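1. Sequence first, then the predicted structure, then my questions.
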Amino acid sequence: MGKAPGRADQSAQTAGGSVKEAMPRIFRMSLLVGLMGLLAEKAWAQEPALDGLVRQLSEPGPGELVGILRLVIALAVLSVAPALLMMLTAFIRIIIVLSFLRAAMGTQNVPPNSVLAGLALFLTFFVMYPTWDQIHQQAVEPYGAGKLNFQQALELGGQPLQHFMLRQTRDRDLLLFVQLSGMKDEPPKAELPFRIVVPAFMISELRTAFEIGLVLYIPFLVIDMVVASTLMSMGMMMVPPVMISLPAKVLLFVMSDGWSLLAKNVVLSFL
């Protein structure tokens with residue numbers, strides 16, 4: 001019974017010592033925070049430009065409002081840049097053809113989606129490089145040098161891209177969207193607006209991609225049919241045909257240097 005008060009006194013002394021040690025730390029932290037606040041207030045008071053900037057953002061004039069709207073539009077365009085890359089370039093055809101190839105081989109997720117998307121992206125850069133080079137020479141460089149304003153650079157930069165899309169677009173698809181737009185007279189191709197060229201280009205790309213995918217699918221489909229009929233004739237109906245046909249299809253594709261042939265023919269389909 002005599003030891004309990006001693007332990008209580010010892011614990012109280014320990015707690016009191018920890019509180020005494022913590023007090024200087026709290027005091028120093030409070031002093032540091034207060035000093036930082038004073039310095040920030042002094043710096044704000046000595047910088048009228050910051051106050052003016054806040055006032056401009058809160059109460060913008062006509063010129064500032066136009067600049068803010070342009071910034072918002074630029075950020076919106078950057079946010080839809082991946083969609084623009086898919087809609088206005090060769091990416092649609094390439095990624096669909098690669099997806100058809102993987103489905104025809106029956107390799108499930110091999111190659112994975114990231115690999116197919118990366119390959120399609122770099123093939124797109126390769127195909128679109130001449131067009132982007134024309135855009136850079138006709139619009140980007142003169143605009144950077146101050147020879148063109150933004151509207152002129154936009155019009156000149158869109159001409160090579162529109163020319164590329166028109167070369168890949170069928171006349172039938174262009175006529176369809178011209179009729180849907182309500183135009184009475186069909187203008188020349190070079191004068192068609194982007195709101196007609198872009199959807200017609202996408203539909204034509206989808207059709208071309210499915211045609212190439214069908215041509216790719218037929219040899220692998222023949223291998224599946226041959227393997228299935230062979231197993232049935234041998235009475236091996238319990239053996240899944242995929243177990244035999246999948247290695248045969250992969251072997252055929254590798255021995256024929258399929259990736260090189262596929263990349264070559266896809267690129268040549270845009271010329």
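-> Alright, I've got the coordinates.
2. contacts, neighbours, all on C-alpha from now
-> Noted.
3. State the helix or strand in which the residue lying closest to residue 173 once chain neighbours are set aside lies.
-> Here the nearest residue to residue 173 in space, its sequence neighbours aside, is residue 200; by CA to CA, 6 or more residues apart in numbering that works out to 5.1 Å. With elements delineated by DSSP states H and E, residue 200 resides in helix 194-233, which encompasses its position.
4. And that helix, what does it pack against?
-> Here helix 194-233 is seen to pack against helix 81-88, helix 91-105, helix 150-168, helix 171-181, helix 241-255 when contacts are counted using 3 or more CA pairs under 8 Å, 6 or more residues apart in numbering; DSSP states H and E.
5. For the shortest one, list the C-alpha coordinates in PDB.
-> What it means is helix 81-88. Backbone C-alpha positions of helix 81-88 (Å, rounded to 0.1, in the frame of the first residue of the first chain) are rendered in PDB as follows:
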ATOM      1  CA  ALA A  81      -7.100  17.200 -77.300                       C
ATOM      2  CA  PRO A  82      -7.200  13.300 -77.100                       C
ATOM      3  CA  ALA A  83     -10.600  13.300 -78.800                       C
ATOM      4  CA  LEU A  84      -9.400  15.600 -81.500                       C
ATOM      5  CA  LEU A  85      -6.400  13.400 -82.000                       C
ATOM      6  CA  MET A  86      -8.700  10.400 -82.600                       C
ATOM      7  CA  MET A  87     -11.300  12.300 -84.800                       C
ATOM      8  CA  LEU A  88      -9.000  14.300 -87.100                       C
END
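6. quick one: buried residues of it?
-> 86-88 (16 or more other CA atoms under 10 Å).
7. Repeat that for the second one.
-> Buried positions in helix 91-105, judged by neighbour count with 16+ other CA under 10 Å: 91-98, 100-105.
8. Can you tell me which of the residues you listed is closest to residue 267?
-> For the buried residues of helix 91-105, the residue nearest residue 267 by CA to CA is residue 94; the value is 8.7 Å.
9. So the residue nearest to the closest one when sequence neighbours are not counted versus residue 167, what's the distance?
-> Of all residues beyond its chain neighbours, the one nearest residue 94 is residue 120 (5.6 Å), with distances taken as CA to CA, 6+ apart. Computed with CA to CA, to the nearest Å, the distance linking residue 120 and residue 167 is 20 Å.
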